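Participant: sequence and computational prediction follow.
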Amino acid sequence: MPADDSAGAVRDARRRALRHEATQLFQAALRAVDPQQLVQSCLSGHAGAVRAVLPAGDIVEWRSPTVVVGAGKAAARMAAGCEAVLGPDAVSGSVVVADGCAVRLASIEVVEAGHPLPDMRGAAATRDILARLGNPQAGGILCVLSGGASSLLVQPRSPVTLADKVATTEALLRCGADINELNTVRKHLSDVKGGGLARRVAGAVVSLIISDVVGDDPGTIGSGPTSPDPTTFADALAVLDRYDLTERLPRTVMQVLNAGRTGRLPETLKPGAPIATRCRSFVIGSNRTALAGAAAAARARGWEVHVEPEPLIGDTTDAARRFAARLRAVHATGPVCLLAGGETTVRVHGTGRGGRNQEFALALAAEIAGGDLMVLSAGTDGIDGPTDAAGAFVDGTTIERARQRGLDVRACLANNDSYAFFAELGDLLRCGPTGANVMDIKIALVGPFPP
């Protein structure tokens, strides 16, 4: 075998080994945030009494039977945890999840609906959930929420229609609005977000939440259907002004927001309101939980582990450059696993396909060209943008392999076409919907491979 071929074979074998290693660490992160296990770890029931012992030490109790409602990509598996602990005879209810995230349950109905854009299935499921909240036989109302609930739990504030809500969401997504900005607007166009769901319940509500947002604020996760909301109609209008959308959105949207700003429509549920005191919300899993799971697995496999203390946020390309600088700083220290989490934003200019994780990997490719490392950028929900991939692998050979196939990194970035780029290289991670949703993680393996 010629020397060049031999060297290439060694390089390819190493790349495959590192890719396998990164995939194993990604799976470890997912196991750490398994929704069913997170619920089962904090919930117990005996002789008609239900107890939730939360991560911070809080204890909440109520009597059976329990009505379970909720929404989000992880909601079905969270509901499965409720059934497993309390028994199907002691629970009833309904949850709405994104397509592909359903599991079969014995006594809790699971409905699939549209995400990231809401649809009629979500609207119908929301009406059913609201009807169940009035069950006079309920001993307690348990709400299970995770990322994705903002799109899945949908009841637009009249006269805003579902089509108007879709158009507004789509416009905000395309212009690169972050999750806080997006949810500020969505809360003020909804009858169920921003504490709206809590207003429909006469008694107490306990919410178990898996966070998909930086800071783990219950009022932001899923647009806070059972949490008070400090944002205002004026804040929502400021977001639209920031992205020059006020003249490009449906008339009804501006009608509602302007009416709210002038006091002609009631605000979302505010902190300190009497209703808010009946609602207790607890975050039981987050991006940090997933990173801790990956870190423990990496240490057990022989890596020196560094977990970035601050989340990666902001523009995706800028975040990739910052991450590359961090990688260069640790490159000389030996076999290192660098872990980071967060959620970046993509401003869509082109007509290609991809998601923020694939775009992050593409922006990173030139920064790490020639280096001895492998990086996996992936969404913990298994879904990256409107594609069938969770994210992509990128390494020191990506640029070279792309050139051999006639792929232009800059052109693909300019056209937001990261999916086609990594599909051609065989570097996409396709794992299907995971049932979890705690933002994104970056797994970088740098330097000599541990024995």
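Facilitator: Here it is on my side, so go on. Every value quoted in this text rests on a predicted model; they were computed, and no experiment measured them.
Participant: residue contacts, F360?
Facilitator: F360 sits next to 316, 319-320, 323, 344, 377, 391, 440, 442 when contact means Cβ atoms under 8 Å, 6 or more residues apart in numbering. Backbone N, C-alpha and C define where each C-beta goes, glycine included.
Participant: same deal with G147?
Facilitator: 72-74, 210-213, 221-222, 381, 437-439.
Participant: swap in K73?
Facilitator: 97-98, 101, 115, 146-148, 381, 433, 435-437.
Participant: next one: the longest helix seen in the chain to chain centre, how far?
Facilitator: Secondary structure of the chain per DSSP state H: the longest helix is helix 3-32. Per Cα atoms, centre = their mean, to the nearest Å, the displacement of helix 3-32 from the mean C-alpha position of its chain is 26 Å.
Participant: could I get the following helix or strand past that helix in PDB with only the CA atoms?
Facilitator: Sequence order places helix 35-40 as the next helix or strand after helix 3-32, per DSSP states H and E. The C-alpha coordinates for helix 35-40 follow below in PDB (Å, rounded to 0.1, in the frame of the first residue of the first chain):
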ATOM      1  CA  PRO A  35     -37.800  12.600  30.800                       C
ATOM      2  CA  GLN A  36     -39.400   9.500  32.300                       C
ATOM      3  CA  GLN A  37     -36.500   8.900  34.700                       C
ATOM      4  CA  LEU A  38     -36.400  12.600  35.800                       C
ATOM      5  CA  VAL A  39     -40.100  12.500  36.700                       C
ATOM      6  CA  GLN A  40     -39.900   9.100  38.400                       C
END
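Participant: buried set for whichever helix or strand comes after helix 35-40?
Facilitator: As assigned by DSSP H and E, the chain's next helix or strand after helix 35-40 is strand 43-46. Within strand 43-46, the residues scored as buried using 16 or more other Cβ atoms under 10 Å are 43, 45.
Participant: next SSE after strand 43-46?
Facilitator: strand 49-53.
Participant: for that next one, name the packing helices and strands.
Facilitator: strand 43-46, strand 59-63 (3 or more Cβ pairs under 8 Å, 6 or more residues apart in numbering; DSSP states H and E).
Participant: go again with 7 Å.
Facilitator: When contacts are defined as 3 or more Cβ pairs under 7 Å, 6 or more residues apart in numbering; DSSP states H and E, strand 49-53 packs onto strand 59-63.
Participant: quick check: mean pLDDT across the strand it packs on?
Facilitator: Averaging pLDDT along strand 59-63 yields 92.
Participant: ok, for V185, nearest residue in space, not its chain neighbours?
Facilitator: A236 (4.7 Å; Cβ to Cβ, 6 or more residues apart in numbering).
Participant: number of nearby residues for the one you found?
Facilitator: 24 (other Cβ atoms under 10 Å).
Participant: quick one, what contacts it?
Facilitator: Counting by Cβ atoms under 7 Å, 6 or more residues apart in numbering, A236 touches 184-185, 188, 257.
Participant: other residues contacting the lengthiest strand in the chain?
Facilitator: Secondary structure of the chain read by DSSP state E shows that its longest strand is strand 336-345. Residues external to strand 336-345 that are found in contact with it (Cβ under 7 Å, 6+ apart): 176, 178-179, 214, 287, 290-291, 294-295, 298, 303-308, 311-316, 319, 323, 326-327, 330, 356, 360, 439-447.
Participant: any quick PyMOL command for the buried ones out of the residues you listed?
Facilitator: Filtering those down to the buried ones (16+ other Cβ under 10 Å) takes a single PyMOL command:
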select buried, resi 176+178+179+214+287+290+291+294+295+298+303+304+305+306+308+311+312+313+316+319+323+326+327+330+356+360+439+440+441+442+443+444+445+446+447
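Participant: between the helix or strand hosting A79 and strand 49-53, what angle do the directions make?
Facilitator: In this structure, A79 is located in helix 75-86 according to DSSP H and E. Here helix 75-86 points in a direction 120 degrees away from that of strand 49-53 (axes from the mean of the first three to the mean of the last three Cα atoms, to 10 degrees).
Participant: and helix 75-86, what does it pack against?
Facilitator: Applying 3+ Cβ pairs under 7 Å, 6+ apart, one finds that helix 75-86 makes contact with helix 35-40, strand 43-46, strand 66-71, strand 91-98, strand 108-113, strand 140-145.
Participant: on that earlier part again, tell me the buried residues within the contacts of G147.
Facilitator: 72-74, 210-213, 221-222, 381, 437-439.
Participant: reformat the residues you listed as TSV; add pLDDT.
Facilitator: Formatted as TSV, those follow (pLDDT from 0 to 100):
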residue	pLDDT
G72	96
K73	94
A74	96
I210	97
S211	96
D212	93
V213	92
I221	94
G222	93
D381	93
N437	90
V438	96
M439	96
